[in-house]
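1. following is a predicted model, sequence given first.
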Amino acid sequence: MHLSELTHPNQLHGLSIHQLEQIARQIREKHLETVAASGGHLGPGLGVVELTLALYQTLDLDRDKVTWDVGHQAYPHKLITGRYNQFHTLRQKDGVAGYLKRCESKFDHFGAGHASTSISAALGMAMARDLKGENFKTVAVIGDGALTGGMALEAINHAGHMPKTNLMVVLNDNEMSISPNVGAITRYLNKMRLSQPVQFLKDNLEEQFKQIPFVGETFTPEMERLKEGMKRLAVSKVGAVIEELGFTYMGPVDGHNLEELIATFKQGHTIQGPVLVHVVTVKGKGYAIAEKDQVGYHAQNPFNLATGKGIPSTKPKPPAYSKVFTHALVKLAENNPKIVGITAAMATGTGLDKLQEKLPKQYIDVGIAEQHAVTLSAGLACEGMRPVVAIYSTFLQRAYDQIVHDVCIQNLPVFFCLDRAGIVGADGPTHQGMYDISYLRCLPNMTIMAPKDEAELQRMIVTGINHTSGPIAMRYPRGNGYGVPLMEEGWEELPIGKAEILRNGDDLLILGYGSMVYPAMQTAEMLSEHGIEATVINARFVKPLDTELILPLAQRIGRVVTLEEGCLMGGFGSAVAESLLDNNVLVSLMRLGVPDTLVDHATPEQSFASLGLTPPQMVDRILATFSRKQSPVSVK
């Protein structure tokens, strides 16, 4: 059978080990060919090919449910569930998503973009099954990196307290998340991985007991306790810890041995209650270059499959915002030992790996644990340190209560640096940084800013470090800057809450925030061709808003447009509208940003166009809106 013929995972049933190995090779070939051409996540999917095939051999996917933690490890799953012919569209507009989506396939049982969710979701499905009197298997596949997330541990704690609820957790242990894992759990799994396999003693223990004279099929309470005690001796010490949490532990199992995997999964399905199958895999398996550089090949832009080298851009690009961020932070930290950079398993993505290289004592990686990262930073701030929490906008959502309770209420000087704020492109709705303006703006004591370009980013880093009267947040987009001149050092901080005028005009007031300032200038230049001269303001701060500058201009000009790369509900435009209303400045107001919709995977350019946020589109929208409003009489 060829991989292209697989339209339903149940077609794997009955295939020989040899046939499954052929399918595995074809999955890796298709995976590599696709990612090399268009970019995407590489290492995670390559590592779980045999795991996926073996697991699905033991399940009926018309009934049974599988939840995958962080959907980028589920590319093999996609290839054997009817998406082979569309797989070349991976992460492209209207194509196959880079993560699991319930609306994409009936086999995507739970959407997954953030880590540590699979066990909770699978347990919920198992409990629903039991409440409805149904009969199907539920399996959660989770990476060892995701176990550092508190939510996974909460789910394990809950599941372990339900001895009659059948649930299988498959631990995909490859010692990695994006970068090498950190913490005590990692050390613990290393011990498990290196322990001598003694599972066969545990598996056969009950049968051995039954052979003892006068014991037979019936166990007295005393014999049950003796049996459990011997099980603890038979199971490796570290495996016994898992069993003390209420799970039956099986493993470690070679994650690339199909025969061993199938036998283990089949046995696991026969055990009542929660079961944890510990599977040891190699991230990037089957592509030697990815196996050697598991961090670099977690995800890749288009690359040459033979050499592994990226396909060079046709023209040089300005430095990425994350690179400018970490360069400035390292420079400042070299002269200020109180500065501490904190990441939640995203060292390379945020650029903090450079801080780790230069100043390892001023760098902290907490693993996939955003909640802990925020409260840890609060504790550091209590003792006079200058914590810089670098987390993607979409991931900071996971620590919202900690921002409120542990930072804002106590008014602690924590500096939040929100990378990937706004439209991120191919990763889709789980990763778009749309909501940080709204969810931070409503919090007392919080100051919020966004740079118009990479040079202003440098100054805002200084501003955030020097702001000690309370928490402060800076959002900046994914990708490259504008190529403006940068300084190596000597950056000046910005006055809190002060905007700047970039262009003057008497017909329209355009307020741009962050990444939308340059598009605001382009829009203004295009409007001038229609005889409309606009004043353009770089707001810099959404909280506090520069009302001293904005309100008189709005009152005089009478027509206001706000531009933001984020959701309109509660965003920058809403802040302007509230300020105008609160000060009884009644003008025509148009807010341009992301409406109440999810932004799907596509290139950023395609997403901006679909949202009507390119400068030519915004010109058309402004002309259409204000042609209907001849006088400044209402607030939209």
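-> Ah, there it is. Numbers count the residues shown, from 1 in each chain.

2. mind listing the strands for the stretch 451-600 of the chain?
-> 472-475, 500-503, 508-512, 534-538, 541-543, 559-567, 588-594 (DSSP state E, counting those that start in this stretch).

3. could I get the average pLDDT for the longest helix seen in the chain?
-> Longest helix in the chain, counting residues (DSSP state H): helix 17-38. Averaging pLDDT along helix 17-38 yields 92.

4. host element of Phe395?
-> helix 393-396 (DSSP states H and E).

5. same thing with Ile342?
-> strand 339-343.

6. give me the distance between the next helix or strand after that strand and the centre of its chain.
-> Once the chain leaves strand 339-343, the next helix or strand it forms, by DSSP H and E, is helix 347-350. On the basis of Cα atoms, centre = their mean, to the nearest Å, helix 347-350 sits 12 Å off its chain's mean C-alpha point.

7. pretty sure Val389 is touching His372, no?
-> No. Val389 is not in contact with His372 according to Cβ atoms under 8 Å; the separation is 11.1 Å. Every residue, glycine included, has its C-beta placed from N, CA and C.

8. which element is Glu259 on?
-> Glu259 is part of helix 258-269 when elements are defined by DSSP H and E.

9. contacts only, for Ile311.
-> 301-304 (Cβ atoms under 8 Å, 6 or more residues apart in numbering).

10. of all the residues you listed, which comes closest to Thr463?
-> Asn301 (32.2 Å; Cβ to Cβ).

11. give the contact list for the closest one.
-> 39, 310-311.

12. let me have those residues in TSV, extended by distance to Met569.
-> Putting those into TSV (distance: Cβ to Cβ, whole Å) gives the following:
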residue	distance to Met569
Gly39	32
Gly310	38
Ile311	39
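
13. show residues contacting stretch 435-444.
-> 393, 396-397, 400, 403-404, 408-409, 416, 418, 421, 446, 448, 473, 475, 513, 542-543, 564, 566-567, 569-572, 574-575.

14. could you do stretch 20-32 as well?
-> Identification of contacts with stretch 20-32 by Cβ under 8 Å, 6+ apart yields 1-3, 6, 12, 15, 42, 45-46, 49-50, 53-54, 57, 75-76, 79-80, 84, 87, 258, 285-287, 305.

15. return the distance of that stretch from the chain's centre.
-> The answer for stretch 20-32 is 27 Å, by Cα atoms, centre = their mean.

16. neighbour count: Val389 and His372, which is higher?
-> Val389 (30 against 18; other Cβ atoms under 10 Å).

17. strands paired with the helix or strand hosting that one, and their directions?
-> For Val389, the element it lies in under DSSP H and E is strand 386-392. Strand 386-392 has its sheet partners listed here by DSSP bridges as strand 339-343 (parallel), strand 415-419 (parallel).

18. which one of those lies nearest to Ala140?
-> Ranking the strands paired with strand 386-392 by proximity to Ala140 (Cβ to Cβ) places strand 339-343 first, at 25.8 Å.

19. got a list of contacts for the closest one?
-> 329, 332-333, 350, 352, 355, 362-366, 373, 376-377, 380, 385-391, 465.

20. among the contacts of stretch 20-32, which are in helices?
-> 45-46, 49-50, 53-54, 57, 75-76, 79, 258.

21. and the nearest residue to Arg475 once chain neighbours are set aside, how far is that from His467?
-> Nearest non-adjacent residue to Arg475, counting by Cβ to Cβ, 6 or more residues apart in numbering: Ala421, 3.6 Å away. Using Cβ to Cβ, to the nearest Å, Ala421 is found at 18 Å from His467.

22. give me the more crowded residue out of the two.
-> Taking other Cβ under 10 Å, Ala421 and His467 do not tie; Ala421 has more neighbours (29 against 20).

23. quick one: residues contacting the more buried one.
-> Residues in contact with Ala421 (Cβ under 8 Å, 6+ apart) are 393, 433, 436, 450, 475-477, 514-515, 565-566.

24. tell me how far it lies from Ser393.
-> 4 Å.

25. same question, Leu131
-> 37 Å.

26. now stretch 345-365: buried residues?
-> By neighbour count on 16 or more other Cβ atoms under 10 Å, the buried set for stretch 345-365 is 345-356, 359, 362-365.

27. repeat for stretch 517-536
-> 517-524, 526-527, 532, 534-536.

28. with stretch 543-551 instead?
-> 543, 545-547, 549-551.

29. and of the residues you listed, the nearest to Leu123?
-> Nearest to Leu123, judged by Cβ to Cβ, of those is Lys543 at 39.2 Å.

30. excluding its backbone neighbours, what's nearest that closest one?
-> According to Cβ to Cβ, 6+ apart, the nearest residue to Lys543 is Ile448 (4.6 Å).

31. wait, doesn't the one you found sit right on Phe541?
-> Yes. Taking contacts as Cβ under 8 Å, Ile448 lies within contact range of Phe541: 6.7 Å.

32. show me where the stretch 101-250 of the chain has strands.
-> Under the criterion DSSP E, counting those that start in this stretch, the stretch 101-250 of the chain contains strands at 138-143, 167-173, 248-254.

33. mean confidence (pLDDT) on the shortest one, please.
-> If I follow you right, that is strand 138-143. Per-residue pLDDT over strand 138-143 has a mean of 94.

34. alright, that wraps it up for me.
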